[in-house]
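1. pasting the sequence and the predicted model now:
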Amino acid sequence: MAPPDAPDPPAAPSPADADRLEAQARLASLGMIAAGVAHELSNPLGYVQSNNQFLRTLVDEVLAGGCDPAKARAALEEARGILAENADGIRRMVGITSELRRVARAPAEPKPCDLEEAIDRAVTLAHNALKYKATVVKEYGHPGEVMADEGRLAQVFVNLLVNAAQAIPERGEVRLGTSADGGFAVATCADTGGGMAPDVLARLWDPFFTTKPAGVGTGLGLWIVRRFVEGAGGRVEVQSEVGRGTTFSIRLPLAAP
């Protein structure tokens with residue numbers, strides 16, 4: 001008996017469907033990022049709140065103790081350290097929310113933007129997914145600026161970083177590199193995860209294809225990565241081996257000097 005024919009590959013979505021899928025993918029990605037950001041904000045918010053309560057108690061004790069200069073000075077020194085800790089927490093929260101605003105704003109016209117700054121923003125936003133799974137190693141070659149929408153560019157790397165974290169079973173490493181190659185900037189994202197089999201690689205860019213459990217992924221993350229990169233005149237490639245990890249390479253045209 002002849003073997004059954006292999007299923008036809010899914011038809012490419014029409015332009016209107018592709019735009020709809022991109023909007024859907026952006027919303028799903030932003031939801032994932034927002035959940036991680038909320039988790040990242042909970043720690044500094046918690047200790048700022050606790051410190052403020054302690055400061056109120058400290059002030060009440062000083063006021064109740066009269067005008068003892070030694071006690072007042074000791075309390076002020078303690079308060080200074082607490083306020084410095086609060087300031088660090090507030091700076092961290094402002095930085096995280098600032099990166100979220102950049103990524104969440106509506107798509108804009110491409111303009112020269114720093115590739116490595118976009119990757120750094122993505123690392124900040126994906127920190128909750130990465131911190132328990134991987135050590136992030138950066139090997140930057142400073143290739144220069146690329147023509148892109150900086151918010152969407154950061155979102156591309158958020159998708160790659162979250163995928164890398166999810167591919168690592170326990171604890172591993174994610175290496176981020178940049179370099180120049182002719183008129184292109186090249187960015188790589190390599191993980192030490194479980195890798196992908198050839199049948200998975202063959203369908204990697206299909207919209208809605210995912211190997212993740214139901215409710216974990218939409219199957220649109222890598223599809224939107226490829227759509228954005230190719231729309232910006234670039235190319236995305238992947239190398240993967242089961243048990244050895246996966247490397248994504250993104251080539252984007254350098255902005256004119």
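-> Looks like it came in fine.
2. CA atoms only for stretch 136-147 - export them in PDB, please.
-> Taking Å, rounded to 0.1, in the frame of the first residue of the first chain, the C-alpha atoms of stretch 136-147 are listed here in PDB:
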ATOM      1  CA  VAL A 136      22.000  36.000  30.100                       C
ATOM      2  CA  VAL A 137      25.400  36.600  28.500                       C
ATOM      3  CA  LYS A 138      25.800  39.600  26.200                       C
ATOM      4  CA  GLU A 139      28.500  39.700  23.500                       C
ATOM      5  CA  TYR A 140      27.900  43.000  21.700                       C
ATOM      6  CA  GLY A 141      29.900  44.100  18.700                       C
ATOM      7  CA  HIS A 142      28.200  47.600  18.300                       C
ATOM      8  CA  PRO A 143      27.200  47.300  14.700                       C
ATOM      9  CA  GLY A 144      25.300  50.600  14.700                       C
ATOM     10  CA  GLU A 145      21.800  51.700  14.100                       C
ATOM     11  CA  VAL A 146      19.100  49.900  12.100                       C
ATOM     12  CA  MET A 147      16.000  51.200  10.400                       C
END
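3. what's it in contact with?
-> Stretch 136-147 is contacted by residues 110-116, 119, 123, 130, 153, 173-180, 185-186, 232-233, 252-255 when judged by Cβ atoms under 8 Å, 6 or more residues apart in numbering. All C-beta spots, glycine's among them, are computed from the backbone N, C-alpha and C.
4. so which of the residues you listed sit within strands?
-> The strands, defined by DSSP state E, take in 111-114, 173-180, 185-186, 252-253 from the contacts of stretch 136-147.
5. sorry, back to before: ok, of the contacts of stretch 136-147, which come out buried?
-> 110, 113-116, 119, 123, 130, 153, 173-178, 185-186, 232, 252-255 (16 or more other Cβ atoms under 10 Å).
6. which SSE is immediately downstream of the lowest-mean-pLDDT helix or strand in the chain?
-> Lowest by mean pLDDT, DSSP states H and E among the helices and strands of the chain is helix 15-64, with a mean of 75. Next in sequence after helix 15-64, counting helices and strands by DSSP states H and E, comes helix 69-104.
7. who's in contact with residue 59?
-> Residue 59 is in contact with 75, 79, counting by Cβ under 8 Å, 6+ apart.
8. from residue 101, how far off is it?
-> 35 Å (Cβ to Cβ, to the nearest Å).
9. what's the answer for residue 52, then?
-> 25 Å.
10. can you check residue 112 too?
-> For residue 112 relative to residue 101 (Cβ to Cβ), the value is 20 Å.
11. just give me the neighbour total for residue 43.
-> The tally of other residues near residue 43 (other Cβ atoms under 10 Å) stands at 12.
12. same question for residue 68.
-> 11.
13. same question, residue 211
-> Using other Cβ under 10 Å, residue 211 has 14 neighbouring residues.
14. what's the farthest-apart pair in the ones in strands among the contacts of stretch 136-147?
-> Spatial extent of the ones in strands among the contacts of stretch 136-147 (Cβ to Cβ) is set by the pair 111 and 173 at 33.0 Å.
15. appreciated, that's everything.
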